[in-house]
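Visitor: model this:
(chains A, B, C and D)
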Protein chains: 2
Amino acid sequence: MGQQITQTPAAPPVGRCRITAACEPVAGLRQRKKKRTRDDLVRAAHELFLLQGFGPTTVDEIAAAVDVSQRTFFRYFANKEEVALAVMGDAEDHFIQCLRDRPAEENPLQAMRAAIRETWQSLDIAGGNSVTAALEIIRLIESTPTLLAAHLRRLAEQERLVTGILAEREGVDPTTDLRPRVLAAVFGAVMHAAHEAWGSTGHPDLGKGPAGMLTVIDRHLEQLGPALAGDWHRRA
Amino acid sequence: MGQQITQTPAAPPVGRCRITAACEPVAGLRQRKKKRTRDDLVRAAHELFLLQGFGPTTVDEIAAAVDVSQRTFFRYFANKEEVALAVMGDAEDHFIQCLRDRPAEENPLQAMRAAIRETWQSLDIAGGNSVTAALEIIRLIESTPTLLAAHLRRLAEQERLVTGILAEREGVDPTTDLRPRVLAAVFGAVMHAAHEAWGSTGHPDLGKGPAGMLTVIDRHLEQLGPALAGDWHRRA
DNA sequence: GCAGATTATGTCAGCCAATGACATTTGACA
DNA sequence: TGTCAAATGTCATTGGCTGACATAATCTGC
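Guide: Residues are numbered from 1 along each chain as shown, chains lettered A, B, ... in the order given. Here you go, the predicted structure:
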């Protein structure tokens, strides 16, 4: 969901997620400053949320921590939830990009599974503490009703994108053929179940990379077939 | 999610959804009055939302329409979203109840499919305009971001219940066996996809009962297998 | 029916998220 | 350097939501 930072109606450089966009070094003082305050806001919010929780943290606090006015905060983020979910935005953009780039030979489910894996791994490589941050945010989301609601809505939004990509990949018409939409929905649901499962297990090994989360996701994806199977008790 | 109207910590009659609870005639003046103002609030809100949209409608308006204070409104509903989703609460409670009552011979997916069908049909029989109201609300939800977010959160909440019921039905441990959770998630996702599809088709025949929605739901459920199939182009 | 305990409601004050309007500063560019 | 556009700040306001306390309604046992 590549959020446009630009406040002007001018044409922004579309289709580049912030992770890969890190390659382009300079882009005018104005743009750099904006990116900086945006990043600062996200980081400050992140810290405050983890420290005192989402609800108790006020927008004024976040803004004050970065030394901008409250009004400016709302020029960068439509609401308080958005700044919390911004961290995931990177990963989501990246996932979409990966999915687009998957080879056509793979079947839809394979492609999505590969894209997820690729996303987490590149997030790991990207350095910084992207992975750690993402994992922390996921846990925060799952334990904060307001955030969970906003997150699920974004997920639904993303499923529209995925539906379109799948339809195009396979060359089917998404208005006639329900399979792209259904698969996108199912995949999203399983992803969320995995996040939830990962979040609720008292996982202390947050920092050791995306391996843990990938394992949980894989385990859930593997249960897709069995769960839909007629009889649960005729198990291999 | 049987909302307790009771504001006292006293033990309320649990496990009875409002639909079936219509059998119990009198229950003290106090209880009846409360049920009445609650119903009034829901109905007034419903009308106002459909008339002028969710966002533009203020809580004060709703409260004024029923002639209670704004404070009283918030004693019945935690937030503005809840009063909009309250209509669906009946159906959701009923679905849970139906699922619990499905015969053990059915496999999980069959049971859920049957429970949905049963729910919509009994909603139809229940008289009044329950079905019409539900369908109107679904459309409102799908077209209102804020409501959609709240709705998805509730759906996620309900999936927890469903997970538990499925696990018990099949006699498996939901902390070890991921199938109940995965199936609940998948089913919820498909339901939402169906709602979305139903809502976005300019369906003018709202009042003709649950048949249309059931058809859409069935069509989506039928695509579950095909969507997960490896190759989408080796189609029967 | 009545007195006293419960419980629902109203009133009021206040916090915080969010938005529009307008002034001011600051980077962009000729 | 001066002009234009864009980013920010300030101010005022609305609306969702909550706590505290007073009032009015119902319930309970007698």
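
Visitor: can you tell me how far the residue lying closest to residue A:136 once chain neighbours are set aside is from residue A:143?
Guide: Of all residues not flanking residue A:136 in the chain, residue A:50 sits nearest, at 6.1 Å (C-beta to C-beta, 6 or more residues apart in numbering or on different chains). All C-beta spots, glycine's among them, are computed from the backbone N, C-alpha and C. Distance of residue A:50 to residue A:143, computed by C-beta to C-beta, to the nearest Å: 11 Å.

Visitor: what's the answer for residue A:196, then?
Guide: 10 Å.

Visitor: okay, those two: which has more neighbours?
Guide: Higher neighbour count among residue A:196 and residue A:143: residue A:196, with 21 against 13, using other C-beta atoms under 10 Å in any protein chain shown.

Visitor: contact residues of chain A facing chain B?
Guide: Contact residues, chain A versus chain B (C-beta under 8 Å from any C-beta of the partner chain): A:107-110, A:145, A:148-150, A:152-153, A:156, A:170, A:172, A:178-183, A:185-186, A:188-190, A:192-193, A:197, A:219-220, A:223-228, A:230-233.

Visitor: what about these, which are in helices?
Guide: Members of the residues of chain A next to chain B lying in helices (criterion: DSSP state H): A:108-110, A:145, A:148-150, A:152-153, A:156, A:170, A:179-183, A:185-186, A:188-190, A:192-193, A:197, A:219-220, A:224-228.

Visitor: give me the subset of the residues you listed touching DNA strand C.
Guide: Among those, not one lies near DNA strand C by C-beta under 7 Å from any atom of the strand.

Visitor: low-confidence ranges, chain A, go.
Guide: Judged by pLDDT under 70, chain A has its weakly predicted residues at A:1-26, A:202-209, A:235-236.

Visitor: repeat that for 90
Guide: Within chain A, the ranges that satisfy pLDDT under 90 run A:1-29, A:90, A:122-132, A:198-212, A:230-231, A:233-236.

Visitor: how about the helices in it?
Guide: All helices of chain A, identified by DSSP H, fall at A:29-52, A:59-66, A:70-76, A:80-101, A:108-125, A:130-142, A:145-170, A:179-200, A:211-222, A:224-228.

Visitor: quick one: which of the ones you listed is nearest residue B:64?
Guide: helix A:145-170 (27.2 Å; C-beta to C-beta).

Visitor: and that closest one, what other elements does it pack with?
Guide: helix A:80-101, helix A:108-125, helix A:130-142, helix A:179-200, helix B:145-170 (3 or more C-beta pairs under 8 Å, 6 or more residues apart in numbering or on different chains; DSSP states H and E).

Visitor: tabulate those (a markdown table), appending distance to DNA strand D.
Guide: Listed next are those as a markdown table, based on distance: least, C-beta to the nearest atom of the strand, whole Å:
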| stretch | distance to DNA strand D |
| --- | --- |
| helix A:80-101 | 12 |
| helix A:108-125 | 27 |
| helix A:130-142 | 19 |
| helix A:179-200 | 23 |
| helix B:145-170 | 9 |
